[in-house]
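In: take this sequence and fold it.
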Amino acid sequence: MEIKNHVIQGIKFIESPNQNERPNHPQISLIVIHSISLPPKKYNNDHIEKFFLNELDHSLDIFYKDIEGLKVSSHILIKRTGEIIQFVPFDKRAWHAGISSYKGVDDCNNYSIGIELEGCDEDVFEDAQYDSLCKITSLILAEYNHIYKENIKAHSEVAPGRKTDPGGLFDWDRYLSNV
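Out: The predicted structure follows:
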């Protein structure tokens, strides 16, 4: 795998409309790890992809009424199978972190790469997801020289009190020792 024009080659790329230019083109210096499942705790469907493309059928689950109208994306989604899908080129601003701050700098979307893992706080992530996450992270670290392992954070760390993902079952030691 390689990154060309801010897109990982050899994986599925489906461009989300939920993106824009990074203001003042700041250096990309942060990776934010998330987890998502739609509906909550349900896996192996295409609902996350549809959500990131603004194509989710909100009549499919009562939970979807709560997220109707939200415009969300991430740069990368890693499915339970380890499949990697890119939605936003890395040089663009994906809409993943919301109200957030890191090292006193607000709006992490401006200077971060968002990686979503299909999962939730209460479930263990799959081996295939860790394998894909480590590969992608290593590739990103090699390409973007302002991101360091110390600047890989949980969504809960950049949006404390508002977010809890990827949760206590995410194995940070396993992840970071293989990057």
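In: OK, contacts around the spatially most central residue of the chain?
Out: Nearest residue to the geometric centre of the chain (CA atoms, centre = their mean): Ile115, 2.2 Å. Shown in contact with Ile115 (CB atoms under 8 Å, 6 or more residues apart in numbering): 31-34, 74-78, 133, 136-137. (Glycine included, C-beta is placed from N, CA and C.)
In: ranking those by neighbours, who comes first?
Out: Counting neighbours by other CB atoms under 10 Å, Val32 leads the contacts of Ile115 with 30 neighbours.
In: quick one: pLDDT of Asn24?
Out: Asn24 is assigned 82 on the pLDDT scale.
In: that one: what secondary structure?
Out: Three-state assignment for Asn24 (DSSP: H, G, I helix; E, B strand; the rest coil): coil.
In: report the separation between it and Asn110.
Out: Asn24 sits 8 Å away from Asn110, going by CB to CB, to the nearest Å.
In: show me which of these two is the more surrounded one.
Out: Asn110 (18 against 7).
In: so in the protein, which helix runs the longest?
Out: helix 127-143 (DSSP state H).
In: returning to what we had before: JSON lines please, covering the contacts of Ile115 and showing pLDDT, distance to Asp171 and secondary structure.
Out: Shown next, in JSON lines, are the contacts of Ile115 (pLDDT from 0 to 100; distance: CB to CB, whole Å; DSSP: H, G, I helix; E, B strand; the rest coil):
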{"residue": "Ile31", "pLDDT": "98", "distance to Asp171": "16", "secondary structure": "strand"}
{"residue": "Val32", "pLDDT": "98", "distance to Asp171": "17", "secondary structure": "strand"}
{"residue": "Ile33", "pLDDT": "98", "distance to Asp171": "11", "secondary structure": "strand"}
{"residue": "His34", "pLDDT": "98", "distance to Asp171": "15", "secondary structure": "strand"}
{"residue": "Ser74", "pLDDT": "98", "distance to Asp171": "20", "secondary structure": "coil"}
{"residue": "His75", "pLDDT": "98", "distance to Asp171": "22", "secondary structure": "coil"}
{"residue": "Ile76", "pLDDT": "98", "distance to Asp171": "18", "secondary structure": "strand"}
{"residue": "Leu77", "pLDDT": "98", "distance to Asp171": "19", "secondary structure": "strand"}
{"residue": "Ile78", "pLDDT": "98", "distance to Asp171": "14", "secondary structure": "strand"}
{"residue": "Leu133", "pLDDT": "98", "distance to Asp171": "10", "secondary structure": "helix"}
{"residue": "Ile136", "pLDDT": "97", "distance to Asp171": "16", "secondary structure": "helix"}
{"residue": "Thr137", "pLDDT": "98", "distance to Asp171": "14", "secondary structure": "helix"}
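In: looking at those, spot the one nearest Gly104.
Out: Closest approach between the contacts of Ile115 and Gly104, by CB to CB: Val32, at 16.1 Å.
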